[in-house]
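>>> Okay, predicted coordinates and the sequence, questions at the end:
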Amino acid sequence: QAHVVESGGGLVQPGGSLRVSCAASVETASVKKFDFYTVTWYRQVPGKQRELVARITPSRITDYSDSVQDRFTISRDDARNTAYLQMDNLHPEDTAVYSCHIKAGQSGPEYWGQGTQVTVSS
C-alpha cells in the first residue's frame, strides 16, 4: 500500500500564484520507488466531471490541459518522493479540489490522495 498526501492549497486572489505538493510514501507498495510512478494532477468542482490538469512521467515528459497550458508547471523531486504543481496567473475558474494520482507503468499499482482545496477569489 502507498500513501499520497497533497498540501499547499488555500485562498488566493485572481492573478496570484500557489504551489501545491504531492508527497508519496511508496516503501510498502509493490513498486517501491517513486521514480517509477507517473504523477497526474486532477481537479474537480462539485457537480462537474474530474479534469486532468497536468501529468509528468518518470522520464519527466509533461503534458497539460489546454486551460492551464502556459500558466501551470508540474515538476517532481524523486529524492523527496514529491511532485509539485506551480500555478501562476490563477483565474476564478481554477477554483477546485486538486488531487494527486500516481501510477507505476501501464498496469502497475495506482494511488490517490485526498485532495487539497484551491480557491481563487477576490
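Perfect, I can see it now.
>>> Where do the strands of this structure begin and end?
For the chain, strands defined by DSSP state E occupy the ranges 3-7, 10-12, 18-25, 37-44, 51-56, 62-64, 72-77, 82-87, 96-104, 110-112, 116-120.
>>> Mind putting those into a markdown table with distance to residue 31?
The C-beta positions use only the backbone N, C-alpha and C, and glycine is treated the same way. Conversion of the strands of the chain to a markdown table gives the following (distance: least, Cβ to Cβ, whole Å):
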| stretch | distance to residue 31 |
| --- | --- |
| strand 3-7 | 13 |
| strand 10-12 | 32 |
| strand 18-25 | 11 |
| strand 37-44 | 7 |
| strand 51-56 | 16 |
| strand 62-64 | 21 |
| strand 72-77 | 15 |
| strand 82-87 | 16 |
| strand 96-104 | 4 |
| strand 110-112 | 10 |
| strand 116-120 | 24 |
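>>> Tell me what the closest residue in space to residue 55 that isn't next to it in sequence is bridged to.
Residue nearest to residue 55 in three dimensions, not counting chain neighbours: residue 40, with 4.3 Å by Cβ to Cβ, 6 or more residues apart in numbering. Counting by DSSP bridges, residue 40 is bridged to residue 55, residue 101.
>>> again with residue 23
Applying DSSP bridges, one finds that residue 23 bridges with residue 5, residue 82.
>>> Distance check, the residue nearest the centre of the chain against residue 21.
Nearest to the centroid of the C-alpha atoms of the chain, with distances taken as Cα atoms, centre = their mean, sits residue 41, at 3.0 Å. Residue 41 sits 11 Å away from residue 21, going by Cβ to Cβ, to the nearest Å.
>>> what do these two both touch?
In terms of Cβ atoms under 8 Å, 6 or more residues apart in numbering, residue 41 and residue 21 are both contacted by the residues residue 83.
>>> quick one on the thing from earlier: can you report how many residues neighbour the residue nearest to the residue nearest to the centre of the chain when sequence neighbours are not counted?
Once flanking residues are discounted, residue 41 sits nearest to residue 53: 4.4 Å by Cβ to Cβ, 6+ apart. The number of residues packed near residue 53 is 21, by other Cβ atoms under 10 Å.
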